[in-house]
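*Asks:* sequence? don't have it. structure:
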């Protein structure tokens with residue numbers, strides 16, 4: 001693994017979980033240049049108290065920034081991308097939202113407390129000697145409701161009334177009446193029992209599971225993009241080395257032709273051909289350099305570097321060359337049988353898991369629609385106890401001891417005569433379930449084709465690597481033989497240059513084949529659902 005200070009893109013992870021990963025041992029963060037440079041200046045400038053200089057204009061800093069190299073293995077690149085990628089961070093936050101929604105949905109079964117009170121005073125003109133003229137009431141009501149997993153509810157209510165009156169026939173001038181009531185309401189048809197009562201909770205749990213699979217999908221696609229971009233950089237580096245070698249060979253041939261011309265053993269045409277060949281090689285080298293720059297920037301974009309406190313250091317990091325530490329595979333292997341890969345894909349692919357959960361969600365919606373189509377039949381059972389006394393404590397004790405109970409039982413039945421809304425809602429739910437099943441079947445077919453294509457591509461690229469190695473070996477031997485023939489005067493510069501071009505072409509073809517094989521392996525791992533990447537601590 002690369003030295004931590006060589007990895008600037010792990011700075012400032014967006015989530016606290018990412019920060020926790022970095023502290024736990026991933027250690028991929030670069031020490032900012034704003035911290036390193038002052039120490040470097042202090043070591044090189046023994047003079048103390050010198051006037052401050054602009055860091056951006058200091059030649060030592062400019063040289064230090066210009067010579068930095070970002071060394072990355074494939075595993076390093078995967079880890080940094082998992083820490084910093086914006087799309088993955090968005091999905092993590094979506095997962096957190098879904099988790100909170102799933103937990104909060106069970107709040108529908110939390111007990112609910114209500115309380116209220118009032119005070120009233122009334123004075124009326126005397127109309128009869130049997131009726132009082134003044135009456136004062138103090139009321140207090142409270143209730144506690146317990147929603148049940150069966151779809152019903154259990155309610156406990158307490159009512160307190162303190163009255164003062166001057167009515168001549170009132171038993172007490174001041175009295176207290178307390179009432180305690182316990183009631184149970186339970187639906188028997190529509191909305192009845194646990195399966196319906198917890199539909200909303202099950203729906204949010206399914207939504208959470210689907211979001212987790214969605215996060216896995218985004219993670220896998222990110223890892224595939226990183227692998228492709230990384231191997232593109234490796235391929236561009238190798239291609240640059242091929243172009244440098246081609247230019248070196250061309251320059252050597254030019255020097256040799258010039259010496260032959262000086263001693264009279266060569267011609268100006270040979271020198272001109274060599275100079276043309278060198279110019280062409282320089283053009284190819286320039287194209288390879290720019291291709292490497294583009295490949296590096298593409299990889300940087302996927303790694304999602306974050307601005308640090310020193311914004312200039314952040315911008316400088318984009319100019320650092322990326323040096324890959326993981327070489328292209330040099331021993332290609334054949335892919336396993338496609339049926340084995342297909343079994344892995346059917347078990348592991350997050351897209352298929354999401355569709356399975358979509359079927360489950362459609363089944364839950366169908367259960368809801370079937371229950372809501374039924375008639376409403378609710379049973380209500382209640383029991384209450386009242387206490388009456390001049391002393392509030394005595395009144396409460398009488399009510400709590402259930403000395404004077406009162407009980408009742410009843411039912412409520414209702415049914416829409418045509419019930420078109422509920423009936424068509426059930427039909428729509430059945431259609432949605434059928435649609436989800438068809439989507440699953442279509443995705444299975446797509447995965448089968450994707451797996452077969454990925455397996456075939458691995459085998460094709462393996463054969464391409466073997467053919468490219470063979471071609472390169474033969475081209476190398478041809479060039480060596482032609483150079484030997486030229487030394488004894490049996491060949492011309494034109495022929496040697498032709499064989500040099502053939503060798504360069506076969507070298508480029510070998511690099512391309514090896515990079516394509518590496519990308520095909522990553523694609524196969526993705527198709528099989530095995531592209532999980534390095535495991536981060538704390539996940």
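*Replies:* Yes, it's here. Since this is a predicted model, take the numbers as computed values, not measurements.

*Asks:* Reduced to three states, what does residue 115 come out as?
*Replies:* Counting by DSSP: H, G, I helix; E, B strand; the rest coil, the backbone at residue 115 sits in strand.

*Asks:* quick one: which helix or strand includes the nearest residue to it once chain neighbours are set aside?
*Replies:* Closest residue to residue 115 apart from its sequence neighbours, by C-beta to C-beta, 6 or more residues apart in numbering: residue 142 at 4.4 Å. Where you see a C-beta, it was placed from the backbone N, CA and C, and this is true even at glycine. When elements are assigned from DSSP states H and E, residue 142 belongs to strand 134-147.

*Asks:* roughly how far out does that strand sit from the chain middle?
*Replies:* Chain-centre distance of strand 134-147: 52 Å, with C-alpha atoms, centre = their mean, to the nearest Å.

*Asks:* Can you name the residues in contact with the helix or strand just after that strand?
*Replies:* Remark: after strand 134-147, the chain's next helix or strand is strand 153-165, criterion DSSP H and E. By C-beta atoms under 8 Å, 6 or more residues apart in numbering, the list of residues contacting strand 153-165 from outside reads 132, 134-148, 173-185, 392, 396.

*Asks:* picking that back up, run me through the strand neighbours of the strand holding residue 142, direction for each.
*Replies:* Strand 134-147 sits in its sheet next to strand 112-123 (antiparallel), strand 153-165 (antiparallel), going by DSSP bridges.

*Asks:* Please identify the buried residues of that strand?
*Replies:* For strand 134-147, a neighbour-count test (16 or more other C-beta atoms under 10 Å) marks 135, 143, 145, 147 as buried.

*Asks:* would you list the residues you listed in TSV and tack on pLDDT and distance to residue 362?
*Replies:* Below are these laid out as TSV (pLDDT from 0 to 100; distance: C-beta to C-beta, whole Å):
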residue	pLDDT	distance to residue 362
135	79	62
143	94	38
145	95	32
147	94	26
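
*Asks:* Just the terminal-to-terminal distance for stretch 305-322.
*Replies:* Start-to-end span of stretch 305-322 (C-alpha to C-alpha, to the nearest Å) is 13 Å.

*Asks:* Check the offset of it from the chain's centre.
*Replies:* Distance of stretch 305-322 from the chain centroid (C-alpha atoms, centre = their mean) equals 25 Å.

*Asks:* before we move on, what about stretch 144-162?
*Replies:* That offset, for stretch 144-162, works out to 44 Å (C-alpha atoms, centre = their mean).

*Asks:* quick one: buried residues of that stretch?
*Replies:* Buried, per 16+ other C-beta under 10 Å, within stretch 144-162: 145, 147, 151-153, 155, 157-162.

*Asks:* Among the residues you listed, which pair sits farthest apart?
*Replies:* Farthest pair in those (C-beta to C-beta) is 151 and 162. Separation: 37.8 Å.

*Asks:* ok, now how distant is residue 73 from residue 318?
*Replies:* Distance of residue 73 to residue 318, computed by C-beta to C-beta, to the nearest Å: 20 Å.

*Asks:* burial count for residue 374?
*Replies:* Neighbour count of residue 374, defined by other C-beta atoms under 10 Å: 17.

*Asks:* surely it meets residue 190?
*Replies:* Yes - judged on C-beta atoms under 8 Å, residue 374 makes contact with residue 190 at a distance of 4.4 Å.

*Asks:* how about the helices of the chain, start to end?
*Replies:* Ranges of helices in the chain, per DSSP state H, are 16-21, 33-44, 59-66, 74-84, 86-105, 193-197, 199-262, 268-303, 311-317, 338-348, 350-372, 392-400, 420-487, 493-528.
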